[in-house]
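Peer 1: I would like to see how this sequence folds:
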Amino acid sequence: MVTQYIERKLVEKSTHHRAALKSLELGYDVEPLSHRVIILKETPQIKGMNTLIQDIDTSSEDFRFYFDRFACLLIEQALNNVHFKERTVETPEGHTYRGLTAKGEVSAVVVLRGGAAFETGLKRVIPDCRTGRLLIQSNVRTGEPELHYLKLPRDIEAHESVLLLDAQMSSGGSALMAVQVLVDHGVPQDRIVVATYSSGKVGLHRLTKVFPEITVVVGNFANDFEDRWVEKRYFRC
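Peer 2: Numbering: from 1, shown residues only. Prediction:
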């Protein structure tokens, strides 16, 4: 009797959750994207790398090389949206340079396993960046995202900015849960910068509707609910 009651309640919860996700899609095709969504400018270099990354005939070695380059550009763009303060330094020639420095620590949280494809680029851009891990997988029966593993940097709520990295974002379910985990651990929305290689408009609409203060940096638009092909090609499995 108790088991049946628990199962019934879980089914009800799952049904309500899927209905809530579905309702977030309303207006995605007519409403403009949030001003906090930043699409990487399609320069000739970006278009050339995208051609190689998306070409089915590109070798595994070349795919990884160009995706790592692309990841560096995405992370650099994400860093343009962290909080800075003025800093004056002395140059080797004895001159004064008035520049900027991050107000505090910038850390990163990798959404496994796709986000791990960003780690080479992350180390190149921020060599000493502290990182955390999230493993979120969809339930095979309901399609709901489920949190299976969590390890965040200590005192992450005090960090000035947190980069949330994932290779692709289609429906937005995993991204919603990942951001919610950070918020639940005390990270303010306006300190979260999501970086992803590609995203569908449905996922972006859902994410920014629930969390309007976060920033999202996207390399390319993709078809909604696209298969997660990037991590398969990057990790060769």
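
Peer 1: Look up how far T43 lies from the residue lying closest to S161 once chain neighbours are set aside.
Peer 2: The shortest distance from S161 to any non-neighbouring residue, by CB to CB, 6 or more residues apart in numbering, is to V82 (3.7 Å). Yep, even glycine has a C-beta here, placed from its N, CA and C like the rest. Using CB to CB, to the nearest Å, V82 is found at 22 Å from T43.

Peer 1: Quick check on those two: which one has the bigger neighbour count.
Peer 2: In terms of neighbours (other CB atoms under 10 Å), V82 is the more surrounded of V82 and T43; the figures are 18 against 10.

Peer 1: Direction included, what does the helix or strand hosting L163 pair up with?
Peer 2: Counting by DSSP states H and E, the element that carries L163 is strand 161-169. Paired neighbours of strand 161-169 in the sheet (DSSP bridges): strand 106-112 (parallel), strand 192-199 (parallel).

Peer 1: average pLDDT for the last one?
Peer 2: Looking back up the chat, that one is strand 192-199. Average pLDDT, strand 192-199: 94.

Peer 1: do the same with the shortest one
Peer 2: Over the span of strand 106-112, the pLDDT mean works out to 93.

Peer 1: The strand holding L163: what's the following helix or strand?
Peer 2: helix 173-184.

Peer 1: Which elements pack onto that next one?
Peer 2: If contacts are counted by 3 or more CB pairs under 8 Å, 6 or more residues apart in numbering; DSSP states H and E, helix 173-184 sits against strand 106-112, strand 131-138, strand 145-151, strand 161-169, strand 192-199, helix 201-210.

Peer 1: As TSV, these with distance to E90 and mean neighbour count would be great.
Peer 2: Below are these laid out as TSV (distance: least, CB to CB, whole Å; neighbours: other CB atoms under 10 Å):
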stretch	distance to E90	mean neighbour count
strand 106-112	24	23
strand 131-138	32	18
strand 145-151	40	13
strand 161-169	27	27
strand 192-199	31	26
helix 201-210	42	22
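
Peer 1: could you dump those to a markdown table with distance to D224?
Peer 2: As requested, the helices and strands packed on helix 173-184 are exported to a markdown table (distance: least, CB to CB, whole Å):
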| stretch | distance to D224 |
| --- | --- |
| strand 106-112 | 19 |
| strand 131-138 | 15 |
| strand 145-151 | 16 |
| strand 161-169 | 10 |
| strand 192-199 | 9 |
| helix 201-210 | 4 |
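
Peer 1: so which of the strands paired with strand 161-169 comes closest to L135?
Peer 2: For the strands paired with strand 161-169, proximity to L135 was assessed by CB to CB; strand 106-112 is nearest, at 4.5 Å.

Peer 1: that older thread, I'd guessed the residue nearest to S161 sits against I192; true?
Peer 2: No: in this structure, V82 is not within contact of I192 by CB atoms under 8 Å, at 10.3 Å.

Peer 1: Between the two, which contacts overlap?
Peer 2: Common contacts of V82 and I192 (CB atoms under 8 Å, 6 or more residues apart in numbering): S161.

Peer 1: so who does the nearest residue to G104 once chain neighbours are set aside touch?
Peer 2: Counting by CB to CB, 6+ apart, G104 lies nearest to E160, which is 3.0 Å off, once chain neighbours are set aside. By CB under 8 Å, 6+ apart, E160 lies in contact with V82, H83, A102, K103, G104, E105, V106, R191.
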